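**Student:** I'll drop the sequence and a predicted model, then ask my questions.
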Amino acid sequence: MRGRFAPSPSGRMHLGNVFCALLAWLSVRAQGGTLVLRIEDLDPGRCKPAYTAQLEDDLRWLGLDWDEGDGVGGPDGPYRQSLRTLVYADCLEALSKRTQVYACYCKRSELHAAQAPHASDGTPVYSGRCRALSPRERAEQAQRRAPSLRLRVPEPGQDRVAFTDGHLGPYAENLARDCGDFIIRRSDGVYAYQLAVVADDAAMGITEVVRGRDLLSSTPRQLYLYRLLGKPAPRFYHIPLLVTAEGRRLSKRDRGMDLGYLRQRGWHPEEILGRLAQLGGLLPSEEAISAYELARLFDWSKVPVENIVVPEDFLNGFR
């Protein structure tokens with residue numbers, strides 16, 4: 001059993017990131033598996049080496065260690081996506097030979113392709129506009145700008161991708177209707193999240209992926225890529241999000257509950273883990289507890305399915 005935590009170093013980890021890291025870590029440790037830390041720093045404009053060092057320091061401070069990955073090495077490195085472009089190029093070549101990859105000259109929809117596409121981001125379904133460009137139109141467009149590359153999905157009604165999530169249960173999408181042809185490489189040459197995450201999880205032998213439920217809709221696209229590449233897919237567990245009282249997903253813009261703020265205010269790692277474990281159904285009441293003590297109590301059946309409202313006192317950093 002091989003699990004992973006794959007954060008994006010675009011800022012200080014907040015409690016939602018920590019909650020995801022904790023559940024991924026607990027699931028691996030409870031099964032006696034191997035945990036891999038992969039740094040998803042595809043986008044050079046957002047991801048900084050200083051954030052990576054900060055992130056790894058925070059994980060160690062919390063007691064969430066890893067067996068392979070950035071900072072400790074292993075047989076499947078490098079463990080930073082910015083250093084794995086040859087892996088993605090090989091996958092792109094395989095897809096180009098076996099499926100219909102085409103150049104797309106549309107602009108707006110590629111802006112966030114290197115990031116994990118959260119459901120709240122409201123990414124529109126691609127219309128397929130550049131699918132049917134004539135050779136002349138393609139030549140004219142190519143003189144104006146470099147294209148991104150899209151993967152053509154099956155026509156509506158031809159293919160429905162279904163799977164059973166380990167935590168949320170059955171889920172299915174029709175790719176043409178629900179997302180359309182999706183980007184696998186941006187016009188600036190940066191490989192898109194959907195391709196990179198599949199290539200990396202397959203190459204690293206990942207058998208279990210734990211991540212937020214806002215990424216649930218990405219899974220059919222990734223399963224389609226696994227199928228096309230002839231790679232075994234991992235088991236997916238999509239977990240509830242930590243949200244504010246208004247229902248807004250926590251983000252790195254919420255400075256009042258990032259780890260830098262909490263550490264400055266004198267919180268201890270066992271206190272943070274204990275409060276998150278109580279919110280996540282793993283403890284009946286709030287208490288300080290270490291990660292390894294929690295591993296003995298872990299059970300997926302205890303974890304809520306619906307999103308979890310973080311109490312205001314936790315958001316504001318008060319005990």
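**Tutor:** Done, it's in. Numbering: from 1, shown residues only.
**Student:** secondary structure element for residue 210?
**Tutor:** strand 208-212 (DSSP states H and E).
**Student:** buried residues in stretch 174-193?
**Tutor:** 174-176, 178-187, 190-193 (16 or more other CB atoms under 10 Å). From N, CA and C alone the C-beta is placed, and that goes for glycine too.
**Student:** quick one on the thing from earlier: now do whichever helix or strand comes after the strand holding residue 210, average pLDDT.
**Tutor:** From strand 208-212 onward toward the C-terminus, using DSSP H and E, the following helix or strand is helix 219-229. Mean pLDDT, helix 219-229: 97.
**Student:** what do you get for stretch 189-209?
**Tutor:** The predicted model assigns stretch 189-209 a mean pLDDT of 97.
**Student:** which positions in that stretch come out as buried?
**Tutor:** The neighbour-count check on stretch 189-209 (16+ other CB under 10 Å) flags 190-202, 204, 206-209 as buried.
**Student:** and the helices in this protein, which stretches?
**Tutor:** All helices of the chain, identified by DSSP state H, fall at 15-31, 49-62, 85-98, 135-144, 175-178, 193-203, 219-229, 259-264, 269-279, 291-295, 312-315.
**Student:** against which helices or strands is the fifth one packed?
**Tutor:** To tie it back to what came earlier, the one meant is helix 175-178. The contact analysis (3 or more CB pairs under 8 Å, 6 or more residues apart in numbering; DSSP states H and E) places helix 175-178 against helix 219-229.
**Student:** pull the residues that contact the helix it packs on.
**Tutor:** By CB atoms under 8 Å, 6 or more residues apart in numbering, the surrounding residues in contact with helix 219-229 are 91, 94-95, 98-99, 151, 153, 159, 161-163, 165, 171-173, 175, 178-179, 182, 194-195, 197-199, 202, 232-233, 236, 238.
**Student:** what about the closest residue in space to residue 243 that isn't next to it in sequence, neighbour count?
**Tutor:** Once flanking residues are discounted, residue 243 sits nearest to residue 307: 4.8 Å by CB to CB, 6 or more residues apart in numbering. Neighbour count for residue 307, taken as other CB atoms under 10 Å: 16.
**Student:** quick check: residue 307 touching residue 241?
**Tutor:** Yes. With contact defined as CB atoms under 8 Å, residue 307 reaches residue 241; the gap is 4.7 Å.
**Student:** list residues touching both of those two?
**Tutor:** Jointly contacting residue 307 and residue 241 under the rule CB under 8 Å, 6+ apart are residue 213.
**Student:** on that earlier part again, tilt between the strand holding residue 210 and helix 219-229?
**Tutor:** Angle of strand 208-212 versus helix 219-229, following axes from the mean of the first three to the mean of the last three CA atoms, to 10 degrees, is 150 degrees.
**Student:** so what are the sheet partners of strand 208-212 and their directions?
**Tutor:** Counting by DSSP bridges, the strands paired with strand 208-212 are strand 2-5 (parallel), strand 235-239 (parallel).
**Student:** now what about it, what contacts it?
**Tutor:** With CB under 8 Å, 6+ apart as the criterion, strand 208-212 contacts 1-5, 16, 20, 23-24, 27-28, 33, 116, 118, 166, 201, 234-239, 241.
**Student:** next one: stretch 63-71
**Tutor:** Outside stretch 63-71, the residues within contact range by CB under 8 Å, 6+ apart are 4-5, 21-22, 25, 34-39, 52, 56, 59, 72, 74-77, 79-80, 204, 269, 273, 290-292.
**Student:** buried ones from those residues, can you make that a ChimeraX selection?
**Tutor:** Paste this into ChimeraX to select the buried members of the contacts of stretch 63-71, with burial taken from 16+ other CB under 10 Å:
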select :4,5,21,22,25,34,35,36,37,38,39,52,56,59,74,76,77,79,80,204,269,273,291
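**Student:** quick one: closest of the helices of the chain to residue 302.
**Tutor:** Taking CB to CB, helix 269-279 is the member of the helices of the chain nearest to residue 302, at 9.5 Å.
**Student:** now for the closest one, which elements pack on it?
**Tutor:** helix 15-31, helix 49-62, helix 291-295.
**Student:** determine which stretch of these is the most buried.
**Tutor:** Stretch with highest mean neighbour count among the helices and strands packed on helix 269-279: helix 15-31 (a mean of 23; mean count of other CB atoms under 10 Å).
**Student:** and the spatially closest residue to residue 195 that is not a sequence neighbour, how far is that from residue 155?
**Tutor:** Distances taken as CB to CB, 6+ apart place residue 184 nearest to residue 195, at 4.2 Å, with adjacent residues excluded. Separation of residue 184 from residue 155 (CB to CB, to the nearest Å) stands at 19 Å.
**Student:** and residue 243, by the same measure?
**Tutor:** Distance of residue 243 to residue 155, computed by CB to CB: 37 Å.
**Student:** those two - which one has more neighbours?
**Tutor:** Set residue 243 next to residue 155 and count neighbours by other CB under 10 Å: residue 243 wins out with 16 against 10.
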